[in-house]
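Student: for reference, the sequence and a predicted model appear below.
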Amino acid sequence: MQTTTTILQGGDSLLDDWASELQASGWGGGGKFSGEGWKHQASEFLRALADASRDGLPDLASPHAAPLRNFLETLSRSMAEKGASSSQTATWVFSLKKPLFDRLNQAIPDDARRLGNEIWSANELIDRLGLFTVATFQKTREEIIRRQQEEMLELSTPVVKLWEGVLALPMIGTLDSARTQIVMESLLQRIVETGSEIAIIDITGVPTVDTLVAQHLLKTVTAIRLMGADCIISGIRPQIAQTIVHLGIDLQGISTKATLADALTLALKRSGYTVSTKASAS
Amino acid sequence: MIERIPILRIGQFLLITIQVDMHDQLAMTLQDDLTLAIEKTGARGVLLDISTLDVVDSFIGRMISNISAVSRLLSAHTVLVGMQPAVAITLVELGLTLPGVHTALNAELGMAMLRRELPEDGVDASGQH
């Protein structure tokens, strides 16, 4: 194990070989990650690795490898944010193998058994580092995806006031249980806040209606009715109307309209408003 | 002493405001008291305000249904007002859609609804209008 440790303490020449190895493997990603920035990172990584392996090869879980862990976390996070692929991130670490093994070969020229042992332990170390980096990378990506999902949820559930006592909820995108729950809660909350007696759910932006979506809609309509308001469903496209009939979904007792305009007309009529043009009014 | 929910008479209507946590015994007592009160006062409408109720279970849901059905038998109209969103969602998830129960957003709208329903019932026995 001594030799690997010594080589890792060695410093700059290893960095240069690693750099050319990375270049050769086409890692740069079309210039996306080349330049001085990553070289600086690489030398920082080698320094952290050297520090951690001062008393033998580092165990990633141990406390004195903490700086190394932190460094790898920051690195893979920044790679995920820049949009690198997972294989690019892994290659970054794994490409250290060749220069390291070359040096081991030079350092132990005639003891095949010892060389084998050294290479094996160095290999294990780099594999662990690589796996750790990829795991962090994946975690960061998942965090990004989760954040985007949450943002989408917030974006896609606006409750708008169309008229005094008339609320509208234009639904956009596929309806799943989680989204319907949020949509339902925000609509009911707004009904209470504004005291609106009529709510229009517009499903023009919903690409498909299956039994599950219909069930969610029915639940929402029932909840609105329980609270003492009325609900109109609008924006039912011809294909969707056909699908609803084919699926045998029973929407009886619920007012449905083809367009939001029709629904608003009905809502105004129910609340006792009349809309007329100037000419016909005079 | 048995805990009771007060039943207030306002003209031809009875007003019940539930302001404490409903437990099962309280619900049963309320049901009994209400039927007696309808009989005694000849009320034509019942306004059940649950705006401060934020927890319901299937039993309370059933009780609301029952109150409405019993009142109808005694020819009084029940309007349930002020249900909170969370309560509405819970009842729907429990599968209690309260068919036949009239609902309104708040006490004012509920009272207006009762007044609208009243003329259909014809002449009031107590002679009040």
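Tutor: Arrived safely, thanks for sending.
Student: distance of A:Ala80 relative to chain B?
Tutor: Separation of A:Ala80 from chain B (CB to the nearest CB, to the nearest Å) stands at 37 Å. Placement of C-beta: from N, CA and C, glycine included.
Student: mind listing what the nearest residue to B:Arg62 once chain neighbours are set aside touches?
Tutor: Distance criterion CB to CB, 6 or more residues apart in numbering or on different chains; nearest residue to B:Arg62, sequence neighbours excluded, is B:Leu96 at 7.3 Å. Contacts of B:Leu96 were listed using CB atoms under 8 Å, 6 or more residues apart in numbering or on different chains, and they are B:Ser58, B:Gly61, B:Arg62, B:Ser65.
Student: filter the residues you listed down to just the buried residues.
Tutor: The neighbour count (16 or more other CB atoms under 10 Å in any protein chain shown) marks B:Gly61, B:Ser65 as buried among these.
Student: that older thread, wasn't the residue nearest to B:Arg62 part of a helix?
Tutor: No - per DSSP: H, G, I helix; E, B strand; the rest coil, B:Leu96 lies outside any helix segment and is coil.
Student: re earlier: include secondary structure when you put the contacts of B:Leu96 into a markdown table, please.
Tutor: Listed next are the contacts of B:Leu96 as a markdown table, based on three-state DSSP:
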| residue | secondary structure |
| --- | --- |
| B:Ser58 | helix |
| B:Gly61 | helix |
| B:Arg62 | helix |
| B:Ser65 | helix |
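Student: can you tell me which of the contacts of B:Leu96 is nearest chain A?
Tutor: Using CB to the nearest CB, B:Gly61 is the member of the contacts of B:Leu96 that sits closest to chain A, with 9.8 Å.
Student: and the gap between the closest residue to that closest one other than its chain neighbours and A:Pro99?
Tutor: Computed as CB to CB, 6+ apart, the closest residue to B:Gly61 that is not its neighbour in sequence is B:Leu96, at 3.9 Å. Counting by CB to CB, to the nearest Å, the gap from B:Leu96 to A:Pro99 is 71 Å.
Student: please, which helix or strand holds residue 46?
Tutor: You didn't pick a chain, so chain A it is. If you go by DSSP states H and E, A:Leu46 is part of helix A:36-52.
Student: sorry, I should have been clearer: chain B.
Tutor: strand B:45-49.
Student: before we move on, what about A:Thr243?
Tutor: For A:Thr243, the element it lies in under DSSP H and E is helix A:238-247.
Student: who in chain B is up against chain A?
Tutor: Residues of chain B lying near chain A by CB under 8 Å from any CB of the partner chain: B:80-85, B:87-89, B:91-93, B:97-98, B:103-106, B:109-110.
Student: same thing but at 7 Å, please
Tutor: B:81, B:83, B:85, B:88-89, B:91-92, B:97-98, B:103-106, B:109 (CB under 7 Å from any CB of the partner chain).
Student: look up how far chain A lies from the nearest residue to B:Ala37 once chain neighbours are set aside.
Tutor: Nearest non-adjacent residue to B:Ala37, counting by CB to CB, 6+ apart: B:Ile7, 4.9 Å away. The gap separating B:Ile7 from chain A is 21 Å, by CB to the nearest CB.
Student: B:Ile7: neighbour count?
Tutor: 18 (other CB atoms under 10 Å in any protein chain shown).
Student: give me the beta-bridge partners of it?
Tutor: Bridge pairing for B:Ile7 (DSSP bridges) gives the partners B:Ile16.
Student: one step back: buried set for the helix or strand just after the helix holding A:Leu46?
Tutor: Next along the chain after helix A:36-52, taking DSSP H and E as the criterion, comes helix A:66-82. Within helix A:66-82, the residues scored as buried using 16+ other CB under 10 Å are A:Leu68, A:Arg69, A:Phe71, A:Leu72, A:Glu73, A:Leu75, A:Ser76, A:Arg77, A:Met79, A:Ala80.
Student: residues near the closest residue to the second one other than its chain neighbours, how many?
Tutor: Using CB to CB, 6+ apart and skipping the chain neighbours, the partner closest in space to A:Arg69 is A:Leu60 (6.3 Å). With neighbours defined by other CB under 10 Å, the count for A:Leu60 comes to 15.
Student: wait, A:Leu60 sits on A:Gly130?
Tutor: No - using CB atoms under 7 Å, A:Leu60 makes no contact with A:Gly130, being 11.0 Å away.
Student: need the overlap of contacts for those two.
Tutor: Common neighbours of A:Leu60 and A:Gly130, using CB atoms under 7 Å, 6 or more residues apart in numbering or on different chains, do not exist here.
Student: which SS state does A:Asp250 fall under?
Tutor: coil.
Student: how close does it get to A:Arg128?
Tutor: Look at A:Asp250 and A:Arg128: by CB to CB, they are 59 Å apart.
Student: just how off-centre is the helix holding A:Leu46 within its chain?
Tutor: Remark: helix A:36-52 is offset 29 Å from the chain centroid, using CA atoms, centre = their mean, to the nearest Å.
Student: what helices or strands is it leaning on?
Tutor: For helix A:36-52, the packing partners by 3 or more CB pairs under 7 Å, 6 or more residues apart in numbering or on different chains; DSSP states H and E come out as helix A:2-10, helix A:12-24, helix A:66-82.
Student: including mean pLDDT, could those helices go into TSV?
Tutor: Listed next are these as TSV, based on pLDDT from 0 to 100:
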stretch	mean pLDDT
helix A:2-10	70
helix A:12-24	76
helix A:66-82	83
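Student: now do the contacts for the residue of the stretch 101-250 of chain A found nearest chain B.
Tutor: Residue nearest to chain B within the stretch 101-250 of chain A: A:Leu188 (3.3 Å; CB to the nearest CB). A:Leu188 sits next to A:Ala223, A:Ile224, A:Met227, B:Pro85, B:Ala88 when contact means CB under 7 Å, 6+ apart.
Student: with secondary structure and distance to A:Leu49 added, can I get the residues you listed in a markdown table?
Tutor: A markdown table is the format used below for the contacts of A:Leu188 (DSSP: H, G, I helix; E, B strand; the rest coil; distance: CB to CB, whole Å):
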| residue | secondary structure | distance to A:Leu49 |
| --- | --- | --- |
| A:Ala223 | helix | 59 |
| A:Ile224 | helix | 61 |
| A:Met227 | helix | 62 |
| B:Pro85 | helix | 56 |
| B:Ala88 | helix | 59 |
